[in-house]
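everything below, folded, please.
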Amino acid sequence: MNTTTSKLPSIATLGPFIALLVACIFFASQSDRFLSTQNFSLILQQVMVVGVIAIGQTLVILTAGIDLSCGMVMALGSIVMTKFAADYGLSAPAAIACGIAATAAFGLVNGLLVTRIKLPPFIVTLGTLNIAFACTQLYSHAQTVTNIPEGMNLLGNTFKFGDTQIAYGALLMLALYAGVWIWLRETAAGRHVYAVGNSPEATRLTGISTEKVLLGVYVLAGVFYGIAAMLSVARTGAGDPNGGQTENLDAIT
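As a prediction, the model looks like this:
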């Protein structure tokens, strides 16, 4: 009985992969092109923005929290970096750094409200979602920002590998997934993230600062939202103040 019970979590974690496999089999039976490398390359290009947002969201969820502000914070980051480049003449790297700093700052605010004031993550991030949306609309005057430096489009470009066009941004997304996976599994800091999510009180009693871990996770999540903003700008060639409105739920699923 105990052996069977111990296997249940492992079986449960396979659920999404089984559903994905079933979906792939179904769509492959409907079209000969579904399993083509060109189709998978196109899918990667389409999901690279929400895919990077999902990394930050995953880190927050691992700590037993949730971040509803992720999509709008990403949109704010895209507006900040494009406005700084278009209006103030900053170079692409400097403008991107400013955008990522803005999203990391929102992550810091979320983290401080959760750790210092002890507010529930759901309430905190629901509030900062609306704040980020208001800041985005006010700063951009609800207008799409174009006329950006060519360097901000680089990650949206593709290169040919065999018969397939692969976006540089998609490769960055995959590299980030690999890096975060290794960090979570192989480092003490990564294991602390799991520990805080499983039992914050037990983690605190072992001498680990749960507040520092939580704060670091929210800031790091903000950085990933900034990277997603960079990919969004690279893919579309503009900063869209109305972007990111569905990414908060897309990143969770």
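
those helices in the stretch 151-253 of the chain, which residues are they?
All helices of the stretch 151-253 of the chain, identified by DSSP state H, counting those that start in this stretch, fall at 168-186, 188-198, 200-205, 210-236, 247-252.

and these, which is most packed in?
Stretch with highest mean neighbour count among the helices of the stretch 151-253 of the chain: helix 210-236 (a mean of 25; mean count of other Cβ atoms under 10 Å). From N, CA and C alone the C-beta is placed, and that goes for glycine too.

show me what that one is packed up against.
With contacts defined as 3 or more Cβ pairs under 8 Å, 6 or more residues apart in numbering; DSSP states H and E, helix 210-236 has these neighbours: helix 37-62, helix 70-88, helix 92-115, helix 168-186, helix 188-198, helix 200-205.

try 6 Å this time
For helix 210-236, the elements it packs on are helix 37-62, helix 70-88, helix 92-115, helix 188-198, helix 200-205, judged by 3 or more Cβ pairs under 6 Å, 6 or more residues apart in numbering; DSSP states H and E.

read off the pLDDT value for Ser10.
Looking at Ser10, its pLDDT is 59.

out of the helices and strands packed on helix 210-236, which comes closest to Leu176?
Of all those, it is helix 37-62 that lies closest to Leu176, at 5.9 Å by Cβ to Cβ.

thinking again about what came up before, of all the helices of the stretch 151-253 of the chain, which one comes closest to Ile66?
It's helix 247-252; of these, that one is closest to Ile66 (Cβ to Cβ) at 7.4 Å.

could you say what helices and strands that closest one packs with?
On a contact count with 3+ Cβ pairs under 6 Å, 6+ apart, helix 247-252 meets helix 37-62, helix 70-88.

so which of the helices and strands packed on helix 210-236 is the most surrounded?
helix 70-88 (a mean of 27).
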